[in-house]
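Asker: take this sequence and fold it.
(one chain, ligands or ions: 4)
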Amino acid sequence: MSKLSFLNVETTRRSLLEYSGKIGLGSALLSTLTTLPFSKKALAKSVESQSNLTFKHSACLVNCGSRCALRVTVDNDRIVQVQPELPTDESVFGEHTIRPCLRGRSNKFRVYNPDRLKYPMKRVGKRGEGKFKRISWEEATQTIADEIARIRSKYGSDAIFYQYGTGAYYHTQGRPAWQRLLTCTGGYLDYFNTYSTAQIAKATSYTFGKYEGANFTQVEDSDLVVLFGLNLSETRMSGGGQVEELRRALEKSQARVIVIDPRYTDSTVVGHAEWLPIRPTADAALVAGLVHTMIKEDLIDEEHINKYAVGFTKDTLPTSAKANASYKDYVLGNGDDGIEKTADWASDISGIPAPRIKQLAREIATAKAAYICQGWGPQRHGNGEQTVRAIQSLTIIANQFGRLGTNNGNWPHGPKYKVPYLPKEENKVGIKIPVYAWTDAIAHPETITAKTHDLQGADKLNVGIKMIVNQAGNVLANQHGQLSRTRKILEDDSLCETIIVIDNHMTATAKFADILLPETSYLEASDLVGNSHAGAHQYMISMENTITPMWECRSTYDVCADIARKLDIEQEFTQGRTQAQWVEHHYEQVRKERPHLPPFAKVRGTGVLDQHLSPLSKRPAHAEFYANPQVNPLGTPSGKIEIYSEALQELQDNWILPEGDRIPPIPEFLSVPDTPWDKKLNKKYPLQLSGFHTKGHAHSTYASVGVLKEAVPNQIWMNPIDAGERGIANNDMVKVFNDRGTVLIEAKVTHRILPGVTAMPEGAWSVYKNGIDIGSCINAITSHRLTPLAKGNPQHTNLVEIEKA
Ligand SMILES: Nc1nc2c(c(=O)[nH]1)N[C@H]1C(S)=C(S)[C@@H](COP(=O)(O)OP(=O)(O)OC[C@H]3O[C@@H](n4cnc5c(=O)[nH]c(N)nc54)[C@H](O)[C@@H]3O)O[C@H]1N2
Ligand SMILES: Nc1nc2c(c(=O)[nH]1)N[C@H]1C(S)=C(S)[C@@H](COP(=O)(O)OP(=O)(O)OC[C@H]3O[C@@H](n4cnc5c(=O)[nH]c(N)nc54)[C@H](O)[C@@H]3O)O[C@H]1N2
Ligand code: SF4
Ligand SMILES: [Mo]
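Answerer: Numbering: from 1, shown residues only. Ligands and ions are numbered 1, 2, ... in the order given. All right, here's what the predicted structure looks like:
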């Protein structure tokens, strides 16, 4: 059986032999085929010529940061298998060319999953109950057109919210199609921030002006790599993406790798790295401890720091600052809190032994070129902005900034291959809420203002959200914090009156739809897409539907064009083009810039096109600024790196913050709610719980695929000490709870996590029964509290108790 798995894991030997007879494969060839690795070009060619199987080219469009091409074997309009593309002469990484991970390769099971949405439906039961009735596309599109018109005239266009959603990165259908439709008909209430990077994006603008980071190819010239909560082995898994880039660079430089993470991650294992286990939210304290040692042991060059940064020493503070407000004063105990940030102090908070902190300070400060980087887990916390700015500041303080082999503390976005998207018109509403505040924008719109929520484009909200268009997203009932609260708000259909959901599967969010539409899955769709942002490897993919769309699934381009016709704006929406014509139009736009490309007819549906490594791949972060800070200032008010930010102090003075929230001008360690420093709550809930992104799924996408669930079960990681105290053994079912809810999940008892700390993958499918999430979805117990500066999501900051179920 295992040898036969090349065709179909569900195929028996007998059926395969019958099948091979039908398609004319000799048994000798068949046995060769089923034993040899299939990535051999010649062999594949011979198969193509001798059989009736066809090979089609698609892509995995999920939001994992990578973008993998898929080579799909099809028999009689049926997907037989999904594999990596074959290497070509262009392949940047040779055999490792854009190699899809386990999720991409499981696509057959995602396409044929029993939970697929098949027909348009409308809700018949109570909102959220999940009872639907099949309707025609005609009725569905007419209802949506009517609702758009009704909500606009009754409440205004700012009552229509276009919800966050990252399930599919199409260029000519999906999200761009809905955005085009909604902007053509008067606009919508928009959001700023993402669930991914709210804290780091905002905080970075105060340190550096704009977000950038040095590609991992930089590591070729490093002797030390320090990764704060960066787990590329799970979060950037493509063979053509960042995990491969870092591996190759390390092979060249042989740099030592240190990973600072509450968990001993796959990246730590694979990178032969040293693991420094840290308590969640404690990174800014660790950094202060490191800088303390560097100051005390005379390992820093103040003149060099002051050339590039403001706020490390007194004499570079702006005149508005208090005399003792510098970062150096904070570290040495001269700041307002009067506490010296010794290694012992940092050890008490972070859990890392003081001698190791001192040694790490020496290692970083004396490295020839240290590449310092952070994932986005460290910032998805209540004090994430502080963590971000502390790690960024460390790079210039330790003189590990600007030179070859160094970085600015940020996870790099690789340069994208620019493939156009369906254009959207100007959004006439012009108002943006922080994305994590959408529940409040439904239930308490009057509380959302510029000074409380950083509301953009207006001082306050008008009526709030009355209609949601939810395309390829599962935040309504799976991916947002404190789901019990979210569900209650959505169940009340007098608040948000209309919810449109477009998905492939019957998700928790789909159950909250009033109108539920089935879209084609990746393998049923045609488009021209660029590489994502993961790595210096650039390319585009021409994908063509590998099978005929099943049931009544349709492309949202066609659906939106139907709605546009009903609203009398079809011509405006389509500009006279079909989706296929838009795809060709986009290709021709690319070809204008890259005349070496062949005509579209030659490459349509052929998969990966125009692979190359970005010429920017060897540039250190902010290289021009480093070379000449006077001539090439940063985008900050001072033009320098702002360790002290006057603009942040102004926000602290002018914004209305909830009690206990602070926005300090320097990257201090802040103890925030739901951490061990929240003493009262910590007594009741003694364990920290952090989330993580698992290789088993990309958020909730792929999370219902059976083979993946078996390969990578959703489990809560617990240290044997914590498990032992609670009589919990490995693989026991446990209840994880706090005041916000209860989750049922299997325990993974392991030394790979610190005592006192637990961790759960995010993205498991939420299933509520009697008030308990029996689907192991972490968001039953996460918080919806906004972070102080970014107004972002602190979904990794939680306190819980655990008991055997
Ligand atoms: N397989 C897979 N890949 C994905 C995704 C997915 O769901 N599945 N999601 C994609 C998306 S949209 C995004 S935004 C990115 C997310 O990428 P990240 O946000 O970086 O991923 P996380 O797993 O949340 O966090 C990374 C690591 O940080 C650690 N960590 C948590 N808290 C702390 C802390 O306080 N300090 C330190 N030092 N470490 C901490 C976690 O244990 C984890 O190992 O990944 C992308 N890639
Ligand atoms: N507790 C906790 N919560 C988190 C996070 C965390 O770290 N911890 N991470 C946050 C982050 S970084 C992110 S980016 C968000 C992600 O949250 P979402 O953007 O909601 O991502 P998914 O959960 O993958 O939901 C995507 C949906 O798109 C659907 N889909 C896939 N392909 C298609 C398609 O071709 N067409 C259509 N119409 N639908 C499709 C999938 O079935 C799925 O329902 O989650 C956030 N939530
Ligand atoms: S999930 Fe990401 S890494 Fe895996 S196949 Fe899809 S795009 Fe590639
Ligand atoms: Mo994300």
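
Asker: start to end distance for stretch 185-194?
Answerer: 25 Å (CA to CA, to the nearest Å).

Asker: same question, stretch 416-426
Answerer: Terminal-residue distance, stretch 416-426 (CA to CA): 24 Å.

Asker: likewise stretch 682-695?
Answerer: 31 Å.

Asker: now do it: distance to the chain's middle.
Answerer: 19 Å (CA atoms, centre = their mean, to the nearest Å).

Asker: ok, and for that stretch, which residues are buried?
Answerer: Residues of stretch 682-695 classed as buried by neighbour count (16 or more other CB atoms under 10 Å): 682, 685, 687-695. C-beta: built from backbone N, CA, C; applies to glycine.

Asker: among the residues you listed, which are in strands?
Answerer: Residues of the buried residues of stretch 682-695 located in strands (DSSP state E): 687-692.

Asker: ligand 3: which of the residues you listed is nearest?
Answerer: Closest approach to ligand 3 among these (CB to the nearest ligand atom): Phe692, at 15.8 Å.

Asker: report the contact partners of that closest one.
Answerer: Taking CB atoms under 8 Å, 6 or more residues apart in numbering, we find Phe692 in contact with 231, 234, 263, 265, 377, 759-762.

Asker: enumerate every residue touching Ala285.
Answerer: Neighbours of Ala285 in contact, by CB under 8 Å, 6+ apart: 341, 345-346, 349-350, 669.

Asker: do that again at 7 Å, thanks
Answerer: When contacts are counted by CB atoms under 7 Å, 6 or more residues apart in numbering, Ala285 touches 346, 349-350, 669.

Asker: backbone phi and psi for it, please?
Answerer: Here is the backbone geometry of Ala285 (degrees, to the nearest 10): phi -70, psi -40.

Asker: quick check, pLDDT for it.
Answerer: Looking at Ala285, its pLDDT is 98.

Asker: now it: how far from Pro794?
Answerer: 17 Å (CB to CB, to the nearest Å).

Asker: again, but for Pro114
Answerer: Computed as CB to CB, the Pro114 to Pro794 distance reads 36 Å.

Asker: who has more neighbours out of those two?
Answerer: More crowded of Pro114 and Pro794, by other CB atoms under 10 Å: Pro794, with 29 against 8.

Asker: ligand 2 contacts on the stretch 51-200 of the chain?
Answerer: Applying CB under 6 Å from any ligand atom, we find that the stretch 51-200 of the chain lies next to ligand 2 at 63, 164-168, 174, 195-196.

Asker: now these in TSV, with neighbour count, secondary structure and distance to Lys416?
Answerer: Shown next, in TSV, are these (neighbours: other CB atoms under 10 Å; DSSP: H, G, I helix; E, B strand; the rest coil; distance: CB to CB, whole Å):
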residue	neighbour count	secondary structure	distance to Lys416
Asn63	20	coil	14
Tyr164	23	coil	20
Gly165	23	coil	20
Thr166	21	coil	16
Gly167	26	coil	19
Ala168	26	coil	17
Gly174	27	coil	17
Tyr195	22	coil	20
Ser196	18	coil	16
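
Asker: and which of those residues is nearest to Arg127?
Answerer: Nearest to Arg127 out of those is Gly165 (CB to CB; 18.9 Å).

Asker: find the nearest non-adjacent residue to the closest one, please.
Answerer: By the measure of CB to CB, 6 or more residues apart in numbering, the closest residue to Gly165 outside its immediate chain neighbours is Gly473, 2.1 Å from it.

Asker: I figured the one you found hits Gln163, correct?
Answerer: Yes - when contacts are counted by CB atoms under 7 Å, Gly473 is listed as touching Gln163 (5.5 Å).

Asker: roughly how far is the top helix by length along the chain from the heart of the chain?
Answerer: With secondary structure taken from DSSP state H, the chain has its longest helix at helix 137-155. Once both centres are worked out by CA atoms, centre = their mean, helix 137-155 turns out to sit 32 Å from its chain's centre.

Asker: list the buried residues in it.
Answerer: For helix 137-155, the buried set under the neighbour-count rule, 16+ other CB under 10 Å, comprises 137, 140-141, 143-145, 147-148, 151-152, 155.

Asker: again, but for stretch 674-682
Answerer: Applying a neighbour-count criterion of 16+ other CB under 10 Å, one finds 674-678, 681-682 buried in stretch 674-682.

Asker: any idea what Ile641 is bridged to?
Answerer: Counting by DSSP bridges, Ile641 forms beta bridges with Ala309.

Asker: repeat that for Lys56.
Answerer: On the basis of DSSP bridges, Lys56 takes part in beta bridges with Val72.

Asker: what sits against it?
Answerer: Lys56 neighbours (CB under 7 Å, 6+ apart): 72, 74, 544, 546.

Asker: quick check, nearest of these to ligand 2?
Answerer: Closest approach between these and ligand 2, by CB to the nearest ligand atom: Thr546, at 13.6 Å.

Asker: wasn't that closest one part of a strand?
Answerer: No - per DSSP: H, G, I helix; E, B strand; the rest coil, Thr546 lies outside any strand segment and is coil.

Asker: returning to that earlier point: what packs against the longest helix of the chain?
Answerer: Where contact means 3 or more CB pairs under 7 Å, 6 or more residues apart in numbering; DSSP states H and E, helix 137-155 is packed against strand 160-162, strand 498-503, strand 515-518, helix 556-566.

Asker: what mean pLDDT does that helix have?
Answerer: Per-residue scores along helix 137-155 average to 98.

Asker: just want the angle from that helix to helix 556-566.
Answerer: 60 degrees (axes from the mean of the first three to the mean of the last three CA atoms, to 10 degrees).

Asker: Ile442: what secondary structure?
Answerer: At Ile442 the chain is in helix, as set by three-state DSSP.

Asker: would you map the strands across the stretch 51-200 of the chain?
Answerer: For the stretch 51-200 of the chain, the strands defined by DSSP state E, counting those that start in this stretch cover 54-60, 68-75, 78-83, 121-123, 132-134, 160-162, 190-192.

Asker: I should have written the stretch 351-500 of the chain there, sorry.
Answerer: With strands called from DSSP E, counting those that start in this stretch, the stretch 351-500 of the chain shows them at 370-374, 432-434, 467-471, 498-503.

Asker: for the stretch 201-350 of the chain, same thing?
Answerer: Using DSSP E, counting those that start in this stretch, the strands of the stretch 201-350 of the chain run over residues 224-228, 256-260, 274-276, 309-310.

Asker: on that earlier part again, show me which of the ones in strands among the buried residues of stretch 682-695 neighbour ligand 1.
Answerer: Restricting these to those near ligand 1 - CB under 6 Å from any ligand atom - leaves 690, 692.

Asker: redo the ones in strands among the buried residues of stretch 682-695 as TSV? Include pLDDT and distance to ligand 2.
Answerer: What follows is those, written out as TSV (pLDDT from 0 to 100; distance: CB to the nearest ligand atom, whole Å):
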residue	pLDDT	distance to ligand 2
Leu687	98	16
Gln688	98	14
Leu689	98	10
Ser690	97	9
Gly691	97	4
Phe692	98	7
